[in-house]
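Undergrad: show me the folded form of this:
(2 chains)
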Amino acid sequence: MGNLDNATNNIIVDAVLTDLGRKSLARNDGSFAITRYAFADDEVDYGIITRFGRTVGKEKIIKNTPVLEANTNSSQGLQHKLVTLRIPTLSRVPIIQLEGSDVTAATTTNPTTVFSVTKNKSSRLTLTQTIVNENTVPTQLVDSNIVVQCDNRFLTINNAKPSFVDTNNVATYNIVRGKATRTSTKGGAVYDLNIRGKAIADSLFTTFGNVSDKTVITTFCKVFGASSGALTYIEVQISQT
Amino acid sequence: MPTKKTLSPSDITSKQSFLNQLVDVIQEDVSGSATRKKYSNFITGTTAGPGVTSSLFQTVFDQSYSLQTANAIFDMTIGLRSGSDLVATASTGEDSAGKLLFASQSLMMREKVANYSQYAQLLMGTATETFYTPFGSTTSTEKIDEALFVNFRRLFARDKIKRETFAMRFYQTGVLDGSANDAAVNVAIANGLTSSNLNRTTTSGSVVFTDVGSAANQLQSFAGEVGNIVDSSDTTRKVGLMFYDMGIGVFDLSRICMTDQHMSGVIDAVGDANDTSSGAGKMILGSATGNSAAKFKPDLLVSASIDGIIDHIASTRFSSGSITAQTFQNQTEINSTLIFCRAGINDFNYSSNPTFTDADGQIVVLTPNTSERTFSFITTIGLYDAGDRLLAVAKLSRPVEKNGERDLVFRIRLDF
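TA: Take a look at the predicted model:
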């Protein structure tokens, strides 16, 4: 994607249909109906506020942030959504922690938390909502459901059905907390997911496997807390055996 | 969900607008053989020579048509009216089934007649209809008996051609061949006989044909809007018709070309060559061994294949420079949905951007232990259906700050 012209003070809006939008139009069944909207700030680096202060930092973000053209890929169109939280004094937001025997915590050498799963087998992943330096997660930020997105060619979630699979093979699961709730020590929601590596053909390992090890496919899942707006990316490594 | 808001019916409206684009066709695109594509659709049987292969129409591209990036601009072909004097004179009768018969010295006559009929059916409603210019006339002298059809491709014509924007620079005469048989033009040319003018590019004496005046007098036809094409230097002289909705121009060859001009040169033929120097399957039009007094009409129009006539018109009558041969404005009807996305003062003041918080969830835009309020920036707007499918994405050209004191409304236009 190229950059939009930001040389003038006029705000120009560049809008496109996504792959899902075009597919929906092509179905000609009346399914193309825009009913909701969201905002995102994919290009913004809020670290600039930390480095330059609120006044200069805002100015730099507004004037010195090139914005990319709209992306038609529905799984890439909005990366970081803005969130409405009705707590005006909130200075700290809940985070989602990954736990489980197949989770390798991030280290200084590998700053990404990794979840491992084997082809044709399930592994348990626990997502725990917590908050640092606060006693409890505010009640209205306890996630009543989470949205999980993962590559439908490689992974599935047991006992869950995707809401939809987009044209880029990204499956979106809406996991509802339900009545059998577990709660973290800080009062946050806890979700136990059984993630299963699909029966991936060996040829796919050849194609999609890591360069250094063709018996392992690396993919990424996205978890989004529906009430808190917390977003977590999970690196998943799928082993052939 | 705290990341999405629901649109109310009053947030969505629709409107219609029109986009006009200027299209220029330069001379060398029309005249060049690399930019003008032929199709071997017609092949004769023959008892002498290899026979004749010809297109039923030719297509003009904006660059060499061998390149994948070439775009077809327009097609051109010719047609002869079935009941015209020219066809009646050339025909030797018709068979019991009503099929027109022609001497073997003529070429593709039935195809030329069929072309005219096809366009008449498409543009006038019936295959036996006659084109008149000015449109609506019933005066026999204003019939278009020999027509040049120019079909603009949808890529350039879009929804329609805009009225009173069309113009075509055209050379009414071919190069003077200096033949003593040319009674129509001055034969005393300083440079003498060129011996062939069929494929020599005309360089002077152009006129501009245009649809000026068609906006003031908007005519309607079976095929939608139509206007008269006139000589720009004498707008009372009507030379053709422009069917705007169809993107098709119909030109009267008898009025845009000097029909009496002597024509000479090699054309394809099915019979024995009238001059062995021209080779098998060829004849020399206007030579001493054949019809030495051959003219544009009827001789070229009757004796040459459609390719032969189009080759002559395209390669000589539009010249071959880099200036405009044809120009018009197209019109695209744009139907837009306007969606108003509102961010109230308490909405969207936080972000899931990983740089918005540190690893512990502390919001970095707030100074700890102060009463500062959070803010965010908007660069992207996503439009979703009820199933949370992202149907459309809009980007702002620069980030817009959102905070607890700002109520923002973004108007997003989706064009269809």
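Undergrad: which residue ranges of chain A form helices?
TA: Along chain A, the stretches classed as helices by DSSP state H are A:19-27, A:47-52, A:54-64, A:202-208.
Undergrad: so which of the ones you listed gets nearest residue B:328?
TA: helix A:19-27 (30.5 Å; Cβ to Cβ). From N, CA and C alone the C-beta is placed, and that goes for glycine too.
Undergrad: which ones are touching the residue in the stretch 101-250 of chain B that chain A sits nearest to?
TA: Residue of the stretch 101-250 of chain B nearest chain A, by Cβ to the nearest Cβ: residue B:159 (18.9 Å). Contacts for residue B:159 were tallied using Cβ atoms under 8 Å, 6 or more residues apart in numbering or on different chains; they are B:330, B:331, B:332, B:333.
Undergrad: got it, and residue B:34?
TA: Counted by Cβ under 8 Å, 6+ apart, residue B:34 has contacts B:64, B:65, B:66.
Undergrad: give me the subset of those residues lying in strands.
TA: Assignment to strands by DSSP state E places none of the contacts of residue B:34 there.
Undergrad: mind giving me the ChimeraX command for buried ones among those residues?
TA: Filtering the contacts of residue B:34 down to the buried ones (16 or more other Cβ atoms under 10 Å in any protein chain shown) takes a single ChimeraX command:
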select /B:65
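Undergrad: for chain A, state which of the contacts of residue B:34 is nearest.
TA: Nearest member of those to chain A, counting by Cβ to the nearest Cβ, is residue B:64, at 28.5 Å.
Undergrad: near residue 94, how many other residues are there?
TA: Picking chain A for this. The tally of other residues near residue A:94 (other Cβ atoms under 10 Å in any protein chain shown) stands at 30.
Undergrad: chain B, not that one
TA: Count around residue B:94 with other Cβ under 10 Å applied: 11.
Undergrad: ok, the nearest residue to it once chain neighbours are set aside to residue B:76 distance?
TA: The shortest distance from residue B:94 to any non-neighbouring residue, by Cβ to Cβ, 6 or more residues apart in numbering or on different chains, is to residue B:100 (5.1 Å). Distance of residue B:100 to residue B:76, given as Cβ to Cβ, to the nearest Å: 23 Å.
Undergrad: the two: which is more packed in?
TA: Taking other Cβ under 10 Å, residue B:100 and residue B:76 do not tie; residue B:76 has more neighbours (21 against 17).
Undergrad: and that one, what does it touch?
TA: For residue B:76, the contact set (Cβ under 8 Å, 6+ apart) comprises B:57, B:58, B:60, B:148, B:149, B:150, B:151, B:310, B:313, B:314.
Undergrad: surely residue B:250 touches residue B:123?
TA: Yes. Here residue B:250 reaches residue B:123: they are 7.2 Å apart, a contact under Cβ atoms under 8 Å.
Undergrad: quick one: common contacting residues for those two?
TA: The contact lists of residue B:250 and residue B:123 share B:131, B:243, where a contact means Cβ under 8 Å, 6+ apart.
Undergrad: for residue 22, the count of nearby residues, please.
TA: Chain wasn't specified; assuming chain A. For residue A:22, the count of nearby residues is 17 (other Cβ under 10 Å).
Undergrad: sorry, I should have been clearer: chain B.
TA: Neighbours around residue B:22, by other Cβ under 10 Å: 10.
Undergrad: pretty sure it contacts residue B:329?
TA: Yes. Because the distance of 5.4 Å satisfies Cβ under 8 Å, residue B:22 is recorded as touching residue B:329.
Undergrad: mind listing the shared neighbours of these two?
TA: Joint contacts of residue B:22 and residue B:329 (Cβ under 8 Å, 6+ apart) are residue B:165.
Undergrad: circling back to that earlier point, for chain B, find the nearest of the helices of chain A.
TA: helix A:19-27 (3.6 Å).
Undergrad: contacting residues around the residue nearest to the spatial centre of chain A?
TA: By Cα atoms, centre = their mean, chain A has its centre lying nearest to residue A:222, at 2.9 Å. Going by Cβ under 8 Å, 6+ apart, residue A:222 touches A:148, A:149, A:150, A:231, A:232, A:233, A:234.
Undergrad: again, only using 10 Å
TA: Going by Cβ atoms under 10 Å, 6 or more residues apart in numbering or on different chains, residue A:222 touches A:75, A:79, A:147, A:148, A:149, A:150, A:170, A:172, A:231, A:232, A:233, A:234.
Undergrad: what about the fourth one, neighbour count?
TA: In other words, residue A:148. 24.
Undergrad: wait, what's in contact with it?
TA: Contacts of residue A:148 (Cβ under 10 Å, 6+ apart): A:125, A:127, A:155, A:157, A:160, A:162, A:171-175, A:191, A:193, A:195, A:221-224, A:232, A:234.
Undergrad: in strands only, show me those residues.
TA: If you go by DSSP E, these have A:125, A:127, A:155, A:157, A:171-175, A:191, A:193, A:195, A:221-224, A:232, A:234 in strands.
Undergrad: so where is chain A shaky, pLDDT-wise?
TA: Within chain A, the stretches with pLDDT under 70 are A:179-180.
Undergrad: now the two most distant members of the contacts of residue B:159.
TA: B:330 and B:333 (10.8 Å).
Undergrad: okay, the two: which has more neighbours?
TA: Taking neighbours as other Cβ under 10 Å, residue B:330 and residue B:333 compare with residue B:330 leading, 22 against 12.
Undergrad: what's the more buried one sitting at in phi/psi?
TA: phi -90, psi 170 (degrees, to the nearest 10).
Undergrad: list the contacts for the closest residue to it other than its chain neighbours?
TA: Nearest non-adjacent residue to residue B:330, counting by Cβ to Cβ, 6+ apart: residue B:158, 4.2 Å away. For residue B:158, the contacting residues are B:19, B:20, B:21, B:23, B:152, B:247, B:329, B:330, B:331, B:332, B:333, by Cβ under 10 Å, 6+ apart.
Undergrad: most surrounded residue in the residues you listed?
TA: Neighbour max across the contacts of residue B:158 (other Cβ under 10 Å) = residue B:152, 26 neighbours.
Undergrad: contacting residues for the closest residue to it other than its chain neighbours?
TA: Using Cβ to Cβ, 6+ apart and skipping the chain neighbours, the partner closest in space to residue B:152 is residue B:247 (4.2 Å). Going by Cβ under 10 Å, 6+ apart, residue B:247 touches B:74, B:150-154, B:156-161, B:328, B:330.
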